[in-house]
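**Q** quick one, what's the 3D model for this:
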Amino acid sequence: MRVLFLGELFVLFLLLPVVFRTFIKKRNKVDTPVIFSLFAFIVLVLLTLAKGLSFSVIAVAIPCLFIFIFNLRSLGRCFQQLKTDVYTAGAIIVSLLGILLIAGAGYLIIRFYPVSTFRHLNSRDCEAVEIVKKNQTGSFAEGFSQISSVKEPVTAVLYKFIPYSVYSNQQDENELPVVLFIPDVYTSVNENSLTIESITRKGNIVLCADFYAKDNAYLESFWDFRVFRSFVLQAERLKNEAENAPQDQDQLDRWRQIKAAELKIIAERAKEAGLFERIALIVADGNASLAAKDFCEAENLDIPVFELNENIPGYISGMGNFAVNEPAVYTFVAKAPSDGWIQSQQIALRAEKAKLVQIQNDAAEDSVSSDSPEEEF
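**A** Alright, predicted model coming up:
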């Protein structure tokens, strides 16, 4: 989140020499400042590929693309080392519009920046979290395996969140309970990282994953590509809610089956790592909770499922850490906006309560079992 914010500011900063160059009095020189529009465009592309498309990225992309496109001719002249004697009225107007667009984008990302969240994350009391990430290739039909060649596509990304106290030898990893986290289709693990890290800091190992296999695609189109998927699904959902349009039940059922299949893969990886017996809770966002219950019922597992929904003040079911990831949009669409950091802390506390209730129930059952008379043969 912080990297995205700084990257967006950097793109806007690179555009400043381009829009202000037309007001410099000195002429008869090569128009070198225009090269920064190309640099800004390249950084924007890299940022989008790394973090995915989002509403805030689009806010920055609008001035970036506007300035880049309208300065293509000037870029050509710069590469040809042609000198510029005077800027036309059109160039000055484009620069003025560019300044307004930069100011607007800058206002949006700075005005709604989640200061409280990052202040807590930077505090000394906030324990670090170690993240182990593994890229895999394959499909749901044939299974997933480690990538052995750079030519193989990444179709699954497995995550393991571990409290830093394990690495500082203050805790034994083998003694920590395991929590499975399942995001809804509208978000990825990265868009739920604040919540996942908060759960991890309570002394849990959290396992989760993102899947991009074609045989269980969320969207049956080009937009299922990793960079676009979350944004397209979120935008479509917000549009439907604004229009009070009902959701396609067939699509919801298909997503439910996909999420159950994803959870099965995560559980299999937990078994391979010797962590399955220590699974104490499944945390599922939105409709993914239905898939989690389906999975537990199909596998005959007595694992509690904690659902993330509107019962958490300010939380938008299925949208992950939307209050932090898209603070500007969240302010307008949330029924009762609240601080993203507080949301994550409430989720972590409630998840702990759900986990402890299950542990107490298991202990009570074990006690009853041990007190009952043994059957004689």
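**Q** all contacts plus neighbour counts: C-alpha atoms, from now on.
**A** OK.
**Q** was I right about Thr137 contacting Lys151?
**A** No. At 10.3 Å, Thr137 and Lys151 do not qualify as touching, with contact defined as C-alpha atoms under 8 Å.
**Q** which of the two has more residues huddled nearby?
**A** Remark: of Thr137 and Lys151, Thr137 carries more neighbours, 20 against 7, as counted by other C-alpha atoms under 10 Å.
**Q** which of the three states applies to the more buried one?
**A** The three-state assignment at Thr137 reads strand, by DSSP: H, G, I helix; E, B strand; the rest coil.
**Q** show me the contacts for it.
**A** Contacts were defined as C-alpha atoms under 8 Å, 6 or more residues apart in numbering; by that measure Thr137 touches Phe144, Ser145, Gln146, Ile147, Glu152, Pro153, Val154, Thr155, Ala156.
**Q** again, only this time at 10 Å
**A** Under the criterion of C-alpha atoms under 10 Å, 6 or more residues apart in numbering, the neighbours of Thr137 are 143-149, 152-157, 211-213.
**Q** poorly predicted segments of this protein, please.
**A** Counting by pLDDT under 70, the low-confidence segments of the chain come to 1, 25-28, 85, 169-170, 358-377.
**Q** what residue lies at the spatial centre of it?
**A** If you average the C-alpha coordinates of the chain and look for the closest C-alpha using C-alpha atoms, centre = their mean, you land on Glu191, 1.8 Å from that point.
**Q** contacting residues for it?
**A** Contacts were defined as C-alpha under 10 Å, 6+ apart; by that measure Glu191 touches Met1, Lys51, Pro183, Ser230, Met319, Gly320, Asn321, Phe322, Val324, Asn325, Glu326.
**Q** what's the closest of the residues you listed to Ser289?
**A** Of all these, Pro183 has the smallest distance to Ser289: 9.0 Å, by C-alpha to C-alpha.
**Q** nearest residue to that closest one other than its sequence neighbours?
**A** The shortest distance from Pro183 to any residue that is not its chain neighbour, by C-alpha to C-alpha, 6 or more residues apart in numbering, is 5.1 Å, and that residue is Asp285.
**Q** residues contacting that neighbour?
**A** The contact partners of Asp285, taken as C-alpha under 10 Å, 6+ apart, are 181-187, 192, 292, 306-309, 316-320.
**Q** of these, just the buried ones, PyMOL syntax please.
**A** Selecting only the buried members of the contacts of Asp285 in PyMOL, with burial defined as 16 or more other C-alpha atoms under 10 Å, works like this:
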select buried, resi 181+182+183+184+185+186+187+192+292+306+307+308+309+316+317+318+319+320
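**Q** hang on, the earlier thing: in the sheet, who's paired with the residue nearest to Pro183?
**A** Beta-bridge pairing for Asp285 (DSSP bridges): Leu308.
**Q** so what's the closest residue in space to Thr331 that isn't next to it in sequence up against?
**A** With C-alpha to C-alpha, 6+ apart as the criterion, Thr331 has its nearest non-adjacent residue at 6.2 Å, and that residue is Pro337. When contacts are counted by C-alpha under 10 Å, 6+ apart, Pro337 touches Pro313, Gly314, Tyr315, Ile316, Ala323, Pro327, Tyr330, Thr331.
**Q** how about the secondary structure of the third one?
**A** Here Tyr315 takes the coil state, with states given by three-state DSSP.
**Q** quick one on the thing from earlier: are any of the contacts of Thr137 buried, and if so which?
**A** Phe144, Ile147, Val154, Thr155, Ala156, Val157, Phe211, Tyr212, Ala213.
**Q** per-domain residue ranges of this structure.
**A** Domain assignment of the chain by automatic domain parsing yields the ranges 2-111, 124-369.
**Q** so which of the ones you listed comes closest to Thr117?
**A** Of all those, domain 124-369 comes closest under C-alpha to C-alpha, at 4.9 Å.
**Q** can you show me the helices along the chain?
**A** Read by DSSP state H, the chain holds these helices, from start to end of the chain: 2-20, 35-51, 55-70, 72-79, 89-111, 115-121, 164-167, 193-200, 229-242, 249-272, 288-298, 322-325, 327-333, 340-371.
**Q** which helices and strands does the second one pack with?
**A** Helices and strands touching helix 35-51, by 3 or more C-alpha pairs under 10 Å, 6 or more residues apart in numbering; DSSP states H and E, are helix 2-20, helix 55-70, helix 72-79.
**Q** can you add mean neighbour count and distance to Phe276 and give these back as CSV?
**A** As requested, those are exported to CSV (neighbours: other C-alpha atoms under 10 Å; distance: least, C-alpha to C-alpha, whole Å):
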stretch, mean neighbour count, distance to Phe276
helix 2-20, 18, 33
helix 55-70, 20, 38
helix 72-79, 16, 57
